[in-house]
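**Student:** Coordinates for the following, if possible.
(chains A, B and C)
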Amino acid sequence: MGKISSNTLRILVLLAVFAATVLFFASQIDGYLNARLFNRISGSVAVIALIAVGQAFVVLTRNIDLSIGSVVGCTAYFTGGILIAYPDLPPILVPLLAMAIGALFGAVNGFFVARFQLPSIIVTLATLAIFRSILVQSSDGSSITTEKLPVWLTSFATQNAFTVGDLQMRWIVVISVLVVLTAHVFLTRFRAGRRFFAIGSNPDAAAFAGINAGRTIFLAFVISGALAGLAGFMFLARFGNITVVAGLGLELKSVGAVVVGGVKIFGGSGNVLGVLIGAALIDLIDTSLVRWEVVSEFWREAVLGLLILTAVVLDTVLIRRLLDRRRRKAATLAEERAS
Amino acid sequence: MIDRLRASLASWEGFLFAVLLLLVAVNAIASPFFLSVGNQINMFQLSIEKIIVALAMTFVIINGEIDLSVASVMGLAACAFGWMVQQGVPAGVAVALVIVLGILCGAFNAFWIVVFKIPSLVVTLSTLIAYRGFARVLVEDRGIGDFPEWFDRLGQAGLIGPVPLAMLIFLVLATLAVLILQRTAFGRKVYFIGANRAVAEYSGLDVRAVKAKIFIASGAISALAGLLYAARVGAVRGDIANGFELDIITMVLLGGVSIFGGAGTMSGTILAILIVLNLRNGMALANITGHIQTGVLGVLLILSVMVPIIRETGHRLIARMR
Amino acid sequence: MPPVLDMRDICKSFGGTMALSGFSLQLEAGRIHALVGENGAGKSTLIKTMTGIHQPDSGQIFVDGQPAVFSGTAAAQRAGIAAIYQEPMVFPDLSVAENIFISHQNRPTLINWSTLNDEAAAMIARLGVTLDPRQPASELTLAEQQTVEIARAISLNVRALIMDEPSASLSDHEVKRLFGIARSLRDQGVAVLYISHRLDEIFALADTVTVMRDGKHISTHPVAGVTQASMISEMVGRDMQGRFAREPTTATGETLLAVTGLQKSGVFRDISFTVAKGEIVCFSGLVGARRTDVGLALFGVSPADAGRIEIAGQPVTITNPNQAQALGIAYVSEDRRKLGLALTESIASNITLPMLAKYSGAFGWIDKLRELADAQAFRERLNIKAANMGVSVGTLSGGNQQKVMLAKWLNTKPRLLIVDEPTRGIDVGAKAEVHQILRTLAAEGVAIVIISSDLPEVLSLADRVIVMREGRIVGEFPGNEATDESVMALAVAAEVA
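**Tutor:** Down below sits the predicted model:
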């Protein structure tokens, strides 16, 4: 009917904000708009986007996964450790291994949240600490350094799948984009994907419709863990050196990307393409603030926090206005009938 | 069912007390230094800022809300103090200004939660990031030290005998917290609003004012705790008090306060605080590092919310066996 | 041909109260069967039993003549039984098309949106309605959401569709459309069970009508064979011997509350009435008549848009419960668990909650002895059965909780007491006690407004009965002239023949 759906509208708004941000910094920073900007940002967006997509699955079901940064750290460490012990592992197996390890961590979260119906914020707040302490405990004796890792892994991070002019499309970026697209197709085109929306949108109606909420929520946490595992693999490839603080704080960035990307924090609605743009926007601001001379680069976190708050407030206010309008409409109808 | 819930809550403090006695006994046997005055004071001093904030957090959670931003307010307060001292503001004035800053941080949280009715989880998650960000803006990647000597001494040395200022503040605040929560009209309102907000509103309670006061108090007390931390360590950095919210929330929930609000007591929180302190102290004496200690706390946190479920399963098993 | 759904001798009780006792009902294909009964007659329990939410304690269910057991909603759905409710159960974030097909297990794993939308559009078109299948359900009106639910039921090859008060929140135009849908379903061979308080709707729509009362089947007739009056008398038909007559009023005649032209847009309008000191005025009417909304407006929970309220001759504005309390108004809610009491807190603290300031001195310090003494006084005065005043309210029986709630508001020493459903869900003994308390209060000069769906209660308590229907006052009787039939007839909008 020529009407733009609210989802499409959100993505258009995000793209506009993204473009405006690029233009703003281009006007402030000399030589800002060039291929190097893309090449610099795309690598870190690749990692954050993966985590944020996993987080989106969880948030869609009205939950939250705060343990995700620790999962990234753990999988990076364990994958590295296994690679050092078995350097001849076929490269294709390594990311799969990382995803399996991550999925295992996610399953722990999912088990407690889905099976016992414990609040996910408590469970993942606890596992945030537990997983991190597992990492600390394990890395006590040996740490992962670039020299110990196979060469193929560390060069993988900078390997290009293809180039467009000066734009380098790294493999990790291509993989990440493929994952986002797969998740998008799964969530929009598969019946199993729609269950995540149904549960978040109206849990009671979902129960009536015969949807198994426990299983779906468990799956959301497993997916979140597996994608964090893949991100852990990329983290390992990009940095090589894994310390006990690897992945620290990524949970906040992922929640930020999800909320800025237009996923409703109370579940039921959202789009992972928006999440990708949200992740890119956050990273763009991060990177650009470093180069902008007017303010210190240390404004990054403050800006991120306020950005999330703004996104939530705008969303809440807009949704409330929509509901008000509907209520007024209903009241008018009732008036008509009474007279 | 509610009868049983009530009974179990009543006995939860008893259970905590037994656990505490056991821990003290184990620690005392394991280490001859454990019961020494020096170690006992040290035990409190190492976590003193967290346990002070846990008192405020008890009000927040019983009220049915959560404040994830407390550790960031602590960090911001400490960094703001350091920055002001560096800019030449007299330390005494800086202390007062920092408390005002804490009040403002709490009021900012309260504004969105009370006026816009945005869930406190989301608001304080955002301000967790933002307040920490402001702390980093102030000190960037430096460390700021060289505070006036009186300030450091207040943080480190004994004020009355061997007992330092922070511990005295904790004792005073803990007493006040017990009295306010359990014996005053304000405390009563905190419980009723947490137990059933609609009933509170129908009974004419000023729900919004109570919530706002609690978040503002949480901000102010977190700022005070941040100052005490700065004084104890003698220097501030951008990541000061990072991640403390986990410890703080764990202590409160372990104390039997329900994450859904309305239930729990201040004495439960205080017992849980003592348990956590003894546990950490015992682990430290056994050479277990801080990160692992935090992991153990994580396990305790899950266990404490699992208790009703574990008890329920036990009852069912017993019933089946009969 | 056997009936599509045949319920035989169904019994279901909840903690000692029989919600259904030996109820039987047959739904036949291609017929619209109406079900009527007072509030609390057991209709919702019946629906829940039919849709597998509740399992009957005894009795049998047959589908197409074959015995069936509905272990859950899925089983009932498989048998082709579906229900739509007054408040539609939709997924607000999902599109119309998805809402229709969400529970289909046999659709392909991969969703083809254009096919799905086309099928949904076709499904909706069969109901004679136009809706954009891509629109999210949150943007639909209530009536449209209901249409989506009906379309969902049809898409699941519904054999018997239960419509529970579907017209309660619809406009006239929407009701007409709903009737069209119900008729076309009937013509397609679906068995429709239509539940409504509006008798005129039943005459316009149904083929057969069943009256139920107190969980029992009273009668089933072809609609052609009944009149509104006969239905009403079957709905209310109690043994009148046991009825307490209200003693002559003690009202002093001095008006305490005078309401003129109270209005809240889309909720109620033209509400005018008075209550004198010592008088008991009962608001009667059916669920959805908006009586509670009038009560909430007087108490300031959701204030009216327009109109005049006078207390003891003084015009007042009431915009929140605090103001209402200060004016001496108390409101005892119909929903003890959600709005009345904090179940986890103690009896004493619940009773003193609205008057906390009275019990607290410097620094808000609560005088617990005084609090306990006052609670204790109420325990004796209202005969509250509890171990002590420190136990949590949740441990008490419904009747005793009701008394605690009364105590809570009596403690505010109200001049005007509004009691919403004073005896819902409490046993007979406690009911009589609550009635006696209310009479005593009136004798002491308190002006009392009672909102009750329990007709015998209204008739035994009221000095005056005010009947509301669809947000308006439609009639008023002196207490001694009101009868079951006359009140019910006004409430359901029928002429008593």
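
**Student:** Give me the secondary structure label for the closest residue to chain A within the stretch 201-322 of chain B.
**Tutor:** Per CB to the nearest CB, B:Gly295 is where the stretch 201-322 of chain B lies closest to chain A, at 2.5 Å. Quick note: C-beta positions are derived from backbone N, CA and C, even for glycine. Three-state assignment for B:Gly295 (DSSP: H, G, I helix; E, B strand; the rest coil): helix.

**Student:** what's the burial count for the closest residue to it other than its chain neighbours?
**Tutor:** Closest residue to B:Gly295 apart from its sequence neighbours, by CB to CB, 6 or more residues apart in numbering or on different chains: A:Ser133 at 2.5 Å. Applying other CB atoms under 10 Å in any protein chain shown, we find 24 residues neighbouring A:Ser133.

**Student:** just the helices in the chain please.
**Tutor:** Just going to use chain A. A:6-28, A:35-60, A:68-85, A:93-110, A:116, A:120-138, A:151-156, A:171-189, A:191-201, A:203-208, A:213-239, A:250-260, A:272-291, A:300-338 (DSSP state H).

**Student:** I was thinking of chain B, sorry if that wasn't clear
**Tutor:** B:2-30, B:37-62, B:70-86, B:91-110, B:120-139, B:149-156, B:165-183, B:185-195, B:197-202, B:207-233, B:244-254, B:266-285, B:290-321.

**Student:** The stretch 1-150 of chain C too?
**Tutor:** Ranges of helices in the stretch 1-150 of chain C, per DSSP state H, counting those that start in this stretch, are C:43-50, C:73-78, C:96-101, C:113-126, C:142-155.

**Student:** quick one: average pLDDT of the third one?
**Tutor:** Right, helix C:96-101. Mean pLDDT, helix C:96-101: 92.

**Student:** got the contact list for residue 257?
**Tutor:** Picking chain A for this. By CB atoms under 8 Å, 6 or more residues apart in numbering or on different chains, the contact set of A:Ala257 is A:Ile48, A:Ala49, A:Ala52, A:Gln55, A:Val275, A:Gly278, A:Ala279, A:Ile282.

**Student:** try chain B instead
**Tutor:** B:Thr58, B:Ile61, B:Ile62, B:Ala263, B:Gly264, B:Thr265, B:Gly268, B:Thr269.

**Student:** Among those residues, which one has the most neighbours?
**Tutor:** B:Thr269 (31 neighbours).

**Student:** Export the contacts of A:Ala257 to a markdown table and append columns for distance to B:Val122.
**Tutor:** Below are these laid out as a markdown table (distance: CB to CB, whole Å):
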| residue | distance to B:Val122 |
| --- | --- |
| A:Ile48 | 20 |
| A:Ala49 | 21 |
| A:Ala52 | 16 |
| A:Gln55 | 14 |
| A:Val275 | 17 |
| A:Gly278 | 15 |
| A:Ala279 | 18 |
| A:Ile282 | 17 |
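
**Student:** filter these down to the ones near chain B?
**Tutor:** Near chain B, taking CB under 8 Å from any CB of the partner chain as the test, no member of those is found.

**Student:** Tell me which residue lies nearest the centroid of chain B.
**Tutor:** B:Ala54 (1.7 Å; CA atoms, centre = their mean).

**Student:** Could you find the closest non-adjacent residue to that one?
**Tutor:** B:Met251 is the one closest to B:Ala54 (CB to CB, 6+ apart), at 4.5 Å.

**Student:** what's the neighbour count on that neighbour?
**Tutor:** The criterion is other CB under 10 Å. On that basis, B:Met251 has 32 neighbouring residues.

**Student:** Now do the helices in the stretch 351-497 of chain C.
**Tutor:** Under DSSP H, counting those that start in this stretch, the stretch 351-497 of chain C gives helices at C:356-359, C:368-382, C:398-410, C:428-443, C:455-461, C:484-491.

**Student:** How about residues contacting the third one?
**Tutor:** Think helix C:398-410. By CB under 8 Å, 6+ apart, helix C:398-410 touches B:203, C:330-333, C:336, C:340-341, C:347, C:350-354, C:375, C:378-379, C:381-386, C:393, C:396, C:417, C:419, C:422-423, C:425-427, C:429-431, C:433-434, C:437, C:441.

**Student:** which of those residues are buried?
**Tutor:** B:203, C:330-333, C:336, C:340-341, C:347, C:350-354, C:375, C:378-379, C:382, C:384, C:386, C:393, C:396, C:417, C:419, C:422-423, C:426, C:430-431, C:433-434, C:437, C:441 (16 or more other CB atoms under 10 Å in any protein chain shown).

**Student:** Neighbours of B:Leu22, how many?
**Tutor:** 12.

**Student:** before we move on, the earlier item: which of the contacts of A:Ala257 sits closest to B:Arg188?
**Tutor:** A:Gln55 (39.4 Å; CB to CB).

**Student:** can you list the weak-confidence ranges in the chain?
**Tutor:** Picked chain A for this. A:1-4, A:141-142, A:323, A:326-339 (pLDDT under 70).

**Student:** think we crossed wires, I meant chain C
**Tutor:** For chain C (pLDDT under 70), the answer is C:15-16, C:238-252, C:494-497.

**Student:** Most proximal residue of it with respect to chain A?
**Tutor:** Counting by CB to the nearest CB, chain C gets nearest chain A through C:Gly266, at 2.9 Å.

**Student:** What is the neighbour count of that residue?
**Tutor:** 21.

**Student:** and it, helix, strand or coil?
**Tutor:** coil.

**Student:** How much space separates it from A:Pro90?
**Tutor:** Counting by CB to CB, to the nearest Å, the gap from C:Gly266 to A:Pro90 is 68 Å.

**Student:** Please apply the same query to C:Ile81.
**Tutor:** Taking CB to CB, one finds C:Ile81 at 55 Å from A:Pro90.

**Student:** Over to C:Gln135?
**Tutor:** For C:Gln135, the distance to A:Pro90 - CB to CB - is 50 Å.

**Student:** So for these two, which residue has more residues nearby?
**Tutor:** The neighbour count for C:Gln135 versus A:Pro90, taken as other CB under 10 Å, is higher for C:Gln135 (17 against 7).

**Student:** In contact with that one, which residues?
**Tutor:** C:Ser95, C:Val96.

**Student:** Can you read off the backbone torsions of it?
**Tutor:** phi -70, psi 140 (degrees, to the nearest 10).

**Student:** Tell me the one of the contacts of A:Ala257 nearest chain B?
**Tutor:** A:Ile282 (10.7 Å).

**Student:** Quick one: residues contacting that closest one.
**Tutor:** Applying CB under 8 Å, 6+ apart to A:Ile282 gives the contacts A:Ile48, A:Lys253, A:Gly256, A:Ala257, A:Val260, A:Leu304, A:Leu307.

**Student:** Looks like the third one contacts A:Val275 (just checking).
**Tutor:** No: counting by CB atoms under 8 Å, A:Val275 is not a contact partner of A:Gly256; they are 10.3 Å apart.
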